[in-house]
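Asker: sharing a model prediction with you, sequence too.
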Amino acid sequence: MKHLTLTCALCLIAGVSFGQKKVLSDAKNEMKASNIANARTLIKEAMNNPETANDPETWFTAGSIENKQFDMENIKSIKKEPADTITMYKALDAILPYFEKSYELDNLPDEKGKVKTKYSKDIRSITKANRNSYLDAGSYFFDHKEYDKAYRNFQVFTDMPELPMMKGEKFEVVGDDEFMTQIKFYAGIAASQVPDHQGAIKVLNSIKNSNYRESDVYRQLASEYDQIKDSVSLLNILKEGVTKFPGDEYFLMNMIDQSIKANNLSEAISYIQLAIEQNPKDVVLYDALGVIYENSDNSAKALENYEKALSIDPNYAKALKHTGMYYYNAGVKLRGEADAAIKDQKVYDKKYAEALESYRKALPYLEKAFEADPTDRDTIFCLRGSYYSLNMGAKFEKMDKLFSGE
């Protein structure tokens, strides 16, 4: 009885195993007959069954089914017949993960420690034959703004020779170095749009020393570092950009901005001065330099640069505002000194008169700045204070209402 029971059990196990092998066989037959939907249903059953889930043939068949679907649509496309592009590229994207799993299982050692591959050669052959199609897919998805798919396909195209399962495989040269760099550039742009900023940074760093659109690569890297708030890397790439592209305002202006944000005013001044050497008629630079000097308590240099900006463009609103504020703040300071010396009438009168004179100097700049931008709160505040100090009642009331929002 025990013998009979064991025999029956072994027969049952063999039957289950045979059943799953039949499912695998049926999936292949459906694939050969181009019944892709049926083939997919059957192979999923095999992939999920413990009897066949670790069989490299299962995963090779799964990849082959997707490859069959891809080929069916691709042939139509080549023949200029109506083809389902989405179905074609969806199948293409599904092939590689199945083949990678099959390759992994196919290269496991047997009980004797030996590796006897059965599917690896075909896996490499099919994958290699499909390489250019990944480029086509990446371009298609990029144009249709499906950036995650574009990024993935561009990566497969560029990185295929480095895949473990393709080790030792010889590849024909596709285009020149610039062509490959171009594909990587667009892979980086696609990654940025996903967004996968770390992926974009990795790709862009791999091509930043090439000759293809160098300044654009550096700009995009700066943008990626800014997105992930990596201020150290951002500062480094901007510094490299300033050195490598001395005539490019993007790197210089952003370098100035980062130096100001880091409160490194001496560095900011040196970069603005470098920018002025390249663009001596740029009023923005002189005005920015004036602001930095004023924040560094170098009032003489501040006024000098505001005046330089206005000598180039007398209507530049920001320089008008900053010059007016400069004189207004000087008036406030002098008025404070007068109040502090109230017990000394001569000192008080002198300081008070100087304060009023400073308010008067501020007015033409502030009024012109107000004409340019009647909503600027700083300008309104300084005009309000100047009119009040100079006993210009009606104008004070107007600015007071504006400042109060009435």
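Answerer: Thanks, I have the structure now. Numbers count the residues shown, from 1 in each chain.
Asker: which residues does stretch 376-388 contact?
Answerer: By CB atoms under 8 Å, 6 or more residues apart in numbering, the residues outside stretch 376-388 that reach it are 321, 324-325, 328, 331-332, 359, 362-363, 366-367, 369-370, 373, 392-393, 395-396, 399-400, 402-403. Glycine gets a C-beta too; all of them are placed from N, C-alpha and C.
Asker: buried among these? Make that a PyMOL selection.
Answerer: Buried residues within the contacts of stretch 376-388, by 16 or more other CB atoms under 10 Å, are selected in PyMOL with:
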select buried, resi 321+324+325+328+331+332+359+362+363+366+369+370+392+395+396+399+402
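Asker: now, the contacts of stretch 376-388 that are in helices?
Answerer: Among the contacts of stretch 376-388, the ones falling in helices (DSSP state H) are 321, 324-325, 328, 331-332, 359, 362-363, 366-367, 369-370, 393, 395-396, 399-400, 402-403.
Asker: any weak-confidence spans in the stretch 101-250 of the chain?
Answerer: 175 (pLDDT under 70).
Asker: which pLDDT value goes with Ala14?
Answerer: You'll see Ala14 listed with a pLDDT of 44.
Asker: I'd like the mean pLDDT over the helix or strand harbouring Ala319, please.
Answerer: Assigned by DSSP states H and E, Ala319 belongs to helix 317-340. Mean pLDDT, computed over helix 317-340, is 94.
Asker: which of the residues in that helix are classified as buried?
Answerer: Buried residues in helix 317-340 (16+ other CB under 10 Å): 317-332, 334-335, 337-338.
Asker: centre of the chain to that helix, how far?
Answerer: Relative to the centre of its chain, helix 317-340 is centred 43 Å away, using CA atoms, centre = their mean, to the nearest Å.
Asker: do the same with stretch 346-360
Answerer: Worked out by CA atoms, centre = their mean, stretch 346-360 lies 55 Å from the chain centre.
Asker: ok, residues contacting that stretch?
Answerer: Outside stretch 346-360, the residues touching it (CB under 8 Å, 6+ apart) are 327-328, 330-332, 334-335, 337-339, 341-342, 385-386, 389-390.
Asker: max pairwise distance over those: which two?
Answerer: Tyr327 and Ile342 (23.3 Å; CB to CB).
Asker: quick check: Pro56 touching Asp122?
Answerer: No. Look at Pro56 against Asp122 with CB atoms under 8 Å: they stay out of range, at 10.9 Å.
Asker: neighbour count for the two, which is higher?
Answerer: Pro56 (21 against 16; other CB atoms under 10 Å).
Asker: torsion angles phi and psi at that one?
Answerer: Phi and psi for Pro56, reported as degrees, to the nearest 10, are phi -60, psi -30.
Asker: ok, now which ones touch it?
Answerer: Here Pro56 is in contact with Ser102, Tyr103, Leu105, Asp106, Lys118, Tyr119 (criterion: CB under 8 Å, 6+ apart).
Asker: which of those residues ranks first by neighbour count?
Answerer: Ser102 (26 neighbours).
Asker: what helix or strand is that one located in?
Answerer: Element membership for Ser102 (DSSP H and E) is helix 85-106.
Asker: one more: Glu169?
Answerer: Remark: Glu169 resides in no helix or strand, with elements defined by DSSP H and E.
Asker: swap in Tyr186?
Answerer: Judged by DSSP H and E, Tyr186 forms part of helix 177-193.
Asker: ok, Val115 next?
Answerer: Counting by DSSP H and E, Val115 is found in no helix or strand.
Asker: what separates it from Asp122, distance-wise?
Answerer: Distance, Val115 to Asp122, by CB to CB, to the nearest Å: 16 Å.
Asker: what does Lys79 give?
Answerer: With distances taken as CB to CB, Lys79 is found 25 Å from Asp122.
Asker: buried ones in the helix or strand containing Val232?
Answerer: Per DSSP H and E, Val232 falls inside helix 231-244. Buried residues in helix 231-244, counting neighbours by 16+ other CB under 10 Å, are found at Ser233, Leu234, Leu235, Ile237, Leu238, Gly241, Val242.
Asker: ok, now stretch 247-254?
Answerer: Those would be Tyr250, Phe251, Leu252, Met253, Asn254, for stretch 247-254 by 16+ other CB under 10 Å.
Asker: now that stretch, how far from the centre of its chain.
Answerer: Going by CA atoms, centre = their mean, where stretch 247-254 is centred and where its chain is centred differ by 18 Å.
Asker: do stretch 100-108 as well
Answerer: 35 Å.
Asker: over to stretch 93-111?
Answerer: Using CA atoms, centre = their mean, the offset of stretch 93-111 from its chain centre is 34 Å.
Asker: and the contacts of it?
Answerer: Residues from elsewhere that reach stretch 93-111 (CB under 8 Å, 6+ apart): 54-60, 62-63, 66-67, 70, 115-120, 123, 126-127, 130, 137, 149, 152-153, 156, 163-165.
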